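Peer 1: Got a predicted structure here, sequence first:
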Amino acid sequence: MRTYLSLSSIALPAAGAALLLAACGKSDRTAPAAPAATPAPAARVDAQRLVKADNEPDQWLSHGRTYSEQRYSPLAQINEQNVAGLGLAWTYKLDIDRGTEATPLVIDGVMYTTGAFSIVYALDPRTGALLWKYDPEVPKAVAGRGCCGPVNRGLAAWNGKLFVGAYDGRLIALDAKTGKPVWSVVTVDQSQNYTITGAPRVIKGKVLIGNGGAELGARGYVSAYDAETGALAWRFYTVPGDPKQGPESEALEMARKTWSGDEYYKQGGGGTVWDSMAYDPELDLLYIGTGNGSPWNIKYRSEGKGDNLFLSSIVALKPDTGAYVWHYQTTPGDSWDYTATQHIILADLKIDGQERKVLMQAPKNGFFFVIDRVTGAFISAKNFVPTNWASGFDANGRPILTGEADYSQGPKLVTPSAFGAHNWQPMSYNPRTGLVYVPAQFTAMLYEDFGQRPAVAPNLWNVGVAPIRLPDDPDELAKIGVDGSRGMLVAWDPVQQKQVWAVDYEAPWNGGTLTTAGNLVFQGTADRRVVAYAADSGKLLWQASANTGVIAAPITYRIDGEQYMTVMAGWGGVFATAVAGALEPQTRMQPEARILTFKLGGKATLPEPRNLPVAVPQPPEVTATPEQIALGKDLYHGVCASCHGVAGISSGLVPDLRYMSAQTHAEFNAIVAGSRAVRGMPPFGHLLPPEQIELIHQYLAQQSHALLKHTATAQP
């Protein structure tokens with residue numbers, strides 16, 4: 001028995017079908033074979049898609065979803081009526097449990113995101129299955145070059161490539177399909193204390209990236225690189241350089257007139273562009289936010305005089321050339337670390353009966369700004385938290401100083417603190433409600449001139465103020481935590497410049513926000529939750545445990561007809577490492593870093609949270625004098641506290657040094673000098689001689705003894 005198969009019943013490659021037809025004496029001219037199916041290229045993002053991103057609500061194509069950075073989604077499958085049915089769809093554990101700040105991208109069925117030390121992940125957004133991972137292998141020792149931890153805020157996509165700024169200053173292009181490097185360029189002088197933590201942006205085939213490091217003596221700038229080759233296209237410096245070399249541009253020649261003295265450039269100057277950017281395709285203007293001065297204290301930076309452009313400013317540039325167009329300075333002559341690197345949102349608002357193209361920002365200084373984005377003209381500013389450094393802004397857009405923050409003649413308690421009334425955590429704007437949702441906070445800080453309490457590590461921090469210190473006594477710290485700081489989610493009307501509703505949190509340093517057409521606002525919190533509020537009223541509609549503090553901003557996307565909401569869960573940043581443990585000393589939960597994705601009816605579960613150890617190992621005897629302990633305390637707060645916590649109290653993101661083992665105590669001097677650099681403990685032997693390291697050790701031993709005593713007396 002013979003069996004005959006028709007050619008049409010056999011799946012063959014096109015070339016194979018043609019050969020078989022020819023062998024059978026037939027021609028393929030009358031029935032041409034279809035070309036082989038090829039998979040769609042990954043991350044096929046171009047200028048048209050980015051400009052028209054609002055037409056693709058299912059995707060999250062760029063850092064703020066659209067060039068306007070509104071972080072508003074038109075999706076409404078999840079809405080105020082059904083959000084209570086939101087459940088965990090999947091979770092993915094990241095490699096490093098700290099510094100989780102990224103906004104994921106979701107492009108053509110793939111999620112791309114980053115974790116600490118700039119590790120890149122590609123996942124299936126339906127299931128969380130890992131597709132590939134890329135580790136740029138940032139040397140762990142360079143963590144000591146940054147102020148605020150080895151964090152990363154995300155990626156940009158263009159023409160099949162992803163772009164990530166590595167913490168050590170490299171800009172890396174990856175093949176979006178495989179995660180393999182395409183090109184890599186060093187964007188900074190790696191002998192200096194530069195870092196990259198912000199997400200790149202791509203405009204018309206150019207990748208834009210800034211950097212950080214003002215606290216450690218950097219000069220700020222933003223650079224543009226060709227997306228295909230990595231070639232440098234242009235660079236815009238934000239503060240003037242060596243006057244002997246002449247200005248790099250007419251804009252810097254103008255800026256130089258607002259500085260005093262000739263020594264500022266040796267200290268860096270600051271003005272780093274470490275986070276926010278936005279773009280208006282119609283006006284063809286790029287907007288960048290610039291950072292604080294280097295040093296913070298204008299007394300040492302500019303002889304106590306001048307506005308010091310372009311510090312703490314919003315600057316409009318031409319994206320093709322980097323040419324200056326206009327600027328607005330939110331804090332002239334900044335002396336408090338009041339950066340303007342916070343989230344920038346573009347919108348069209350009706351103000352006084354007139355349609356205005358505006359730019360909105362709520363920077364560290366506590367005032368919500370509405371600026372004309374065509375000209376840079378000041379429209380309005382109003383404080384959204386209590387402030388004592390300025391009572392308001394005049395009609396010309398200049399702050400009305402109170403004098404209460406002038407610490408040149410003695411210590412002053414200033415609000416907001418250097419942590420800011422709003423830090424980098426993104427806010428969002430809902431065009432339906434007309435409200436901006438700001439992750440705000442109230443914090444105060446005692447500013448004290450560097451010279452009035454001699455600093456102890458001048459080669460590490462370049463701020464010109466004394467190190468931050470809090471009381472050592474745990475009971476006093478607890479009082480400060482309750483009475484001295486708090487977080488808020490503020491729904492702000494930018495037209496009326498007023499608060500419409502607000503939600504209070506016990507702790508500062510809560511997450512960024514997402515708002516949707518479903519009348520929702522999503523946010524992660526410092527107290528380990530993910531929450532949803534009604535966008536119009538602020539009513540709490542849903543909450544879920546995150547097992548960890550959350551500071552990143554959520555996103556939403558739709559795939560296979562189903563809407564999801566994702567947030568990178570995990571604490572980090574300088575507030576979390578420096579003071580969070582001291583303000584919440586009773587918390588002993590192990591931090592985690594995870595991607596959490598929710599959908600209606602999700603049934604996945606989080607693993608049980610892990611607790612940190614509570615038993616304090618017996619510390620060594622304290623042999624130093626009270627005077628030496630006081631010096632050790634200053635040394636510790638000048639060098640170590642930004643990571644390990646004020647008063648030696650860690651939030652758990654890095655080791656709590658009051659719980660050191662006997663072996664760690666024995667190896668303490670060698671560890672600080674650099675013996676564990678490859679494991680992530682930066683070396684400080686080049687800054688601190690052995691005798692100063694030992695004084696720090698003695699102070700920490702004293703803190704361990706105090707904790708033992710406190711624990712014993714606190715037992716019921």
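Peer 2: Now that the structure is in, tell me what you want to look at.

Peer 1: so how many other residues sit close to S661?
Peer 2: For S661, the count of nearby residues is 11 (other Cβ atoms under 10 Å). (Glycine included, C-beta is placed from N, CA and C.)

Peer 1: swap that for K93, sorry
Peer 2: Neighbours around K93, by other Cβ under 10 Å: 11.

Peer 1: can you check Y221 too?
Peer 2: As a measure of burial, Y221 has 24 neighbours, counting by other Cβ under 10 Å.

Peer 1: That one contacts L232, doesn't it?
Peer 2: No - under the criterion of Cβ atoms under 8 Å, Y221 makes no contact with L232, lying 11.3 Å away.

Peer 1: and K709, what pLDDT?
Peer 2: In this prediction, K709 carries a pLDDT score of 84.

Peer 1: swap that for L401, sorry
Peer 2: 98.

Peer 1: residue contacts, it?
Peer 2: Residues near L401 by Cβ atoms under 8 Å, 6 or more residues apart in numbering: 389-390.

Peer 1: how about 6 Å then?
Peer 2: With contact set as Cβ atoms under 6 Å, 6 or more residues apart in numbering, L401 has these partners: A390.

Peer 1: and it, backbone torsions?
Peer 2: Torsion angles at L401 (phi, psi; degrees, to the nearest 10) stand at phi -70, psi 140.

Peer 1: if I look at it, how far off is T443?
Peer 2: Note on L401: its distance to T443, by Cβ to Cβ, to the nearest Å, is 20 Å.

Peer 1: cool, and N396?
Peer 2: 29 Å.

Peer 1: The two - which one has more neighbours?
Peer 2: T443 (23 against 6).

Peer 1: pretty sure Q663 is in a strand, no?
Peer 2: No - counting by DSSP: H, G, I helix; E, B strand; the rest coil, Q663 is not found in a strand; it is helix.

Peer 1: Let me know the pLDDT of it.
Peer 2: Q663 is assigned a pLDDT of 93 by the prediction.

Peer 1: One more: A176?
Peer 2: For A176, pLDDT reads 98.

Peer 1: Hmm, L162 and it touching each other?
Peer 2: Yes - A176 lies in contact with L162 (Cβ atoms under 6 Å); the separation is 5.1 Å.

Peer 1: Shouldn't G420 be within a helix?
Peer 2: No - the assignment for G420 (three-state DSSP) gives coil, which keeps it out of a helix.

Peer 1: and the gap between the nearest residue to it once chain neighbours are set aside and T415?
Peer 2: The spatially closest residue to G420, leaving aside those adjacent along the chain, is K364, at 3.2 Å (Cβ to Cβ, 6 or more residues apart in numbering). Per Cβ to Cβ, K364 is found 11 Å from T415.

Peer 1: neighbour count winner among those two?
Peer 2: K364 (27 against 19).

Peer 1: Model confidence score at the more buried one, please.
Peer 2: Looking at K364, its pLDDT is 98.

Peer 1: contacting residues around it?
Peer 2: 338-339, 420.

Peer 1: same question, N547
Peer 2: 592, 606, 609.

Peer 1: thinking the first one is in contact with D95, fair?
Peer 2: Pointing back at E592 there. No - using Cβ under 6 Å as the test, E592 is too far from D95 to be in contact (11.7 Å).

Peer 1: More neighbours: which of these two?
Peer 2: The residue with more neighbours, out of E592 and D95, is E592; 23 against 12, by other Cβ under 10 Å.

Peer 1: nearest spatial neighbour of the more buried one, skipping sequence neighbours?
Peer 2: T548 (4.4 Å).

Peer 1: Give me the three-state assignment for that neighbour.
Peer 2: Applying three-state DSSP: T548 is coil.

Peer 1: is it true that it touches A569?
Peer 2: Yes - if you go by Cβ under 6 Å, T548 and A569 touch, sitting 5.4 Å apart.

Peer 1: When those two are compared, which one has more neighbours?
Peer 2: Neighbour count, other Cβ under 10 Å: between T548 and A569, A569 has more, with 29 against 26.

Peer 1: now for the helix or strand containing the more buried one, which elements pack on it?
Peer 2: With elements taken from DSSP states H and E, the one containing A569 is strand 562-569. The contact analysis (3 or more Cβ pairs under 6 Å, 6 or more residues apart in numbering; DSSP states H and E) places strand 562-569 against strand 555-559, strand 594-600.

Peer 1: Break this structure into its domains for me.
Peer 2: As recorded under automatic domain parsing, the domains making up the chain are 1-38, 47-444+484-600, 626-714.

Peer 1: Columns distance to V614 on top of the ones you listed, output as JSON lines?
Peer 2: Shown next, in JSON lines, are the domains of the chain (distance: least, Cβ to Cβ, whole Å):
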{"stretch": "domain 1-38", "distance to V614": "58"}
{"stretch": "domain 47-444+484-600", "distance to V614": "6"}
{"stretch": "domain 626-714", "distance to V614": "8"}
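
Peer 1: out of those, deepest packed?
Peer 2: domain 47-444+484-600 (a mean of 21; mean count of other Cβ atoms under 10 Å).

Peer 1: start to end distance for that one?
Peer 2: 33 Å (Cα to Cα, to the nearest Å).

Peer 1: ditto for stretch 368-385
Peer 2: 9 Å.

Peer 1: what separates that stretch from the chain centre, distance-wise?
Peer 2: 23 Å (Cα atoms, centre = their mean, to the nearest Å).

Peer 1: Now it: average pLDDT?
Peer 2: 98.

Peer 1: Contacts made by it with the rest, please.
Peer 2: Contacts for stretch 368-385 (Cβ under 6 Å, 6+ apart): 326, 328, 357-362, 366-367, 393, 397, 421, 440, 442, 490, 492, 494, 497.

Peer 1: Likewise for stretch 145-153?
Peer 2: 99, 101-102, 114, 116-118, 143, 167, 193, 195, 197-199, 215, 572-574, 577.

Peer 1: What ranges does this structure have for its helices?
Peer 2: 14-23, 47-51, 250-256, 298-302, 474-483, 573-578, 580-583, 626-639, 641-644, 662-666, 668-670, 690-714 (DSSP state H).

Peer 1: just checking, what packs against the last one?
Peer 2: Think helix 690-714. helix 626-639, helix 668-670.

Peer 1: and what of the shortest one?
Peer 2: Under the contact criterion of 3+ Cβ pairs under 6 Å, 6+ apart, helix 668-670 touches helix 690-714.

Peer 1: Residues in contact with the helix it packs on: which ones?
Peer 2: Counting by Cβ under 6 Å, 6+ apart, residues outside helix 690-714 touching it are 474, 616, 619-620, 622, 624, 628-629, 631-633, 635-636, 648, 657-658, 668-669, 672.

Peer 1: Show me which helix or strand of this structure is least confident by mean pLDDT.
Peer 2: Counting by mean pLDDT, DSSP states H and E, the weakest-scoring helix or strand in the chain turns out to be helix 14-23, with a mean of 31.

Peer 1: Would you mind measuring from A578 to T91?
Peer 2: 28 Å.

Peer 1: And D189, by the same measure?
Peer 2: 40 Å.

Peer 1: just T402 next, same as before
Peer 2: For T402 relative to T91 (Cβ to Cβ), the value is 48 Å.
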